[in-house]
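>>> test case, fold it:
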Amino acid sequence: MLRTVSAHLQFSLSGQSDLLFQLAVAAGTPIRSESFSFASDGRVYLPREIVDRHGTRILRFTGETGEYDVHYSAVVAGARPIPPVDEVELLGYLRPSRYAESDALYSQARWTFAGLQGHALVNAVADWTHDALEYVPGSSRGTDSARTSLETGRGVCRDFAHVVVTMLRACDMPARVAAVYAPGLAPMDFHAVAEAWVDGRWCVVDATRLAPRPSLVRIATGRDASDVAFLTHHRGQLRVRSIAVDAVSDRLPTDDHTMPLALA
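Next up, the predicted model:
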């Protein structure tokens with residue numbers, strides 16, 4: 001399956017800032033071609049690449065006051081090898097995190113999904129989340145957590161992923177969040193999905209059901225949205241002016257969102 005992905009960001013800075021981008025497809029992904037462009041007022045920046053244990057590629061550079069254009073594009077040809085998992089990592093994905101407060105929602109999760117294990121639990125949590133939340137573009141804030149989303153009954157992809165992760169962790173199943181490019185997604189944007197550790201492998205869970213899982217391309221992986229944000233900055237003031245994301249596939253697969261599937 002050949003997938004073409006791209007992202008274009010325009011933003012302004014007032015003051016020097018340390019910029020961290022997570023736009024590039026994960027390390028180890030079979031890439032046929034790839035291009036980056038980081039520019040401001042005729043000056044081209046060359047970011048430094050940092051790769052974490054999951055293959056997330058963090059592009060880092062120091063920006064000065066001005067207007068910025070950032071372009072990224074890649075053609076992905078095939079699936080990424082799945083890296084090994086260690087015990088410490090799995091323990092970390094059982095714990096509550098900033099946007100996935102599994103301790104606060106423990107009683108609700110244990111009562112709602114009592115007696116379920118394995119893929120039956122994963123599918124039940126995905127179905128329940130799909131029914132509990134209404135997908136409404138622009139309806140949530142960057143500080144909303146799983147608990148907030150359930151209180152309001154609406155959200156975007158990151159909110160669906162947080163609820164799934166929270167409920168699974170509360171039921172003693174390791175779970176994490178992945179940021180992805182998603183061919184077939186409508187409306188098109190960066191996308192977030194959950195992953196559950198079942199029968200010795202990570203299985204992707206998308207409770208929004210807005211894109212076929214086999215088409216997804218991994219960008220970043222972590223505990224919750226705080227680890228997989230497409231842009232983080234330290235110091236200075238940053239204002240995002242526009243974001244455009246695109247992802248297409250030469251063959252868009254079907255997906256009933258029930259069969260176990262690993263995200264490459």
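
>>> hey, let's count contacts and neighbours off CA atoms from now on
Fine.

>>> so who does Met17 touch?
Actually, residue 17 is Ser. It isn't Met. If you count contacts by C-alpha atoms under 8 Å, 6 or more residues apart in numbering, Ser17 has them with 62-64, 233-237.

>>> now do stretch 40-58, average pLDDT.
Stretch 40-58 carries an average pLDDT of 93.

>>> re the thing from before, so which of the contacts of Ser17 is the most crowded?
Top of the contacts of Ser17 by neighbour number is Gly63, holding 22 neighbours under the definition other C-alpha atoms under 10 Å.

>>> for Pro260, see how far away the residue positioned nearest the centre of the chain is.
Nearest residue to the geometric centre of the chain (C-alpha atoms, centre = their mean): Ala179, 1.8 Å. When C-alpha to C-alpha, to the nearest Å is applied, the distance between Ala179 and Pro260 equals 19 Å.

>>> likewise Gly78?
Taken as C-alpha to C-alpha, the span from Gly78 to Pro260 is 19 Å.

>>> helix, strand or coil for His54?
Local secondary structure at His54 is given as coil here, using DSSP: H, G, I helix; E, B strand; the rest coil.

>>> wait, it sits on Thr221?
Yes - here His54 reaches Thr221: they are 6.4 Å apart, a contact under C-alpha atoms under 8 Å.

>>> who has more neighbours out of those two?
Thr221 (25 against 17).

>>> and the more buried one, that one's in a strand?
Yes - Thr221: assigned to a strand according to three-state DSSP.

>>> buried by neighbour count: which residues of the helix or strand hosting Arg241 qualify?
Element membership of Arg241 [criterion: DSSP states H and E] is strand 237-249. Using 16 or more other C-alpha atoms under 10 Å as the test for burial, strand 237-249 gives 238, 245-249.

>>> can you redo these as TSV with pLDDT and distance to Asp255?
Shown next, in TSV, are those (pLDDT from 0 to 100; distance: C-alpha to C-alpha, whole Å):
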residue	pLDDT	distance to Asp255
Leu238	93	39
Val245	98	22
Asp246	98	20
Ala247	98	17
Val248	97	16
Ser249	95	14
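
>>> need the contact list for Gln16.
62-65, 235-236.

>>> mind doing that once more with 10 Å?
Taking C-alpha atoms under 10 Å, 6 or more residues apart in numbering as the contact definition, Gln16 lies against 62-66, 234-238.

>>> what's the answer for Leu238, then?
Applying C-alpha under 10 Å, 6+ apart, the residues near Leu238 are 11-17, 19, 65-67, 232.

>>> repeat that for Arg241.
With C-alpha under 10 Å, 6+ apart, Arg241 has these contacts: 9-12, 67-69.

>>> that one and Val70: what is the separation?
12 Å.

>>> again, but for Val165
Val165 is 31 Å from Val70, by C-alpha to C-alpha.

>>> strand partners (parallel or antiparallel) of the helix-or-strand element of the chain with minimal mean pLDDT?
Using mean pLDDT, DSSP states H and E, the weakest-scoring helix or strand in the chain turns out to be strand 43-45, at a mean of 89. Counting by DSSP bridges, the strands paired with strand 43-45 are strand 31-40 (antiparallel).

>>> show me which of the buried residues of strand 237-249 is closest to Ala194.
Nearest to Ala194, judged by C-alpha to C-alpha, of the buried residues of strand 237-249 is Ala247 at 19.1 Å.

>>> got the CA coordinates for the one helix or strand Arg169 maps to in PDB?
Take DSSP H and E as the rule and Arg169 turns out to sit in helix 157-170. Written as PDB, here are the backbone C-alpha positions of helix 157-170 (Å, rounded to 0.1, in the frame of the first residue of the first chain):
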ATOM      1  CA  CYS A 157     -10.100  12.200  18.000                       C
ATOM      2  CA  ARG A 158      -7.700  12.800  20.900                       C
ATOM      3  CA  ASP A 159     -10.600  12.800  23.300                       C
ATOM      4  CA  PHE A 160     -11.900   9.500  22.000                       C
ATOM      5  CA  ALA A 161      -8.400   8.000  22.300                       C
ATOM      6  CA  HIS A 162      -8.000   9.300  25.800                       C
ATOM      7  CA  VAL A 163     -11.300   7.700  26.900                       C
ATOM      8  CA  VAL A 164     -10.400   4.400  25.400                       C
ATOM      9  CA  VAL A 165      -6.900   4.400  27.000                       C
ATOM     10  CA  THR A 166      -8.300   5.500  30.400                       C
ATOM     11  CA  MET A 167     -11.000   2.700  30.500                       C
ATOM     12  CA  LEU A 168      -8.500   0.000  29.400                       C
ATOM     13  CA  ARG A 169      -5.900   1.000  32.000                       C
ATOM     14  CA  ALA A 170      -8.600   1.000  34.700                       C
END
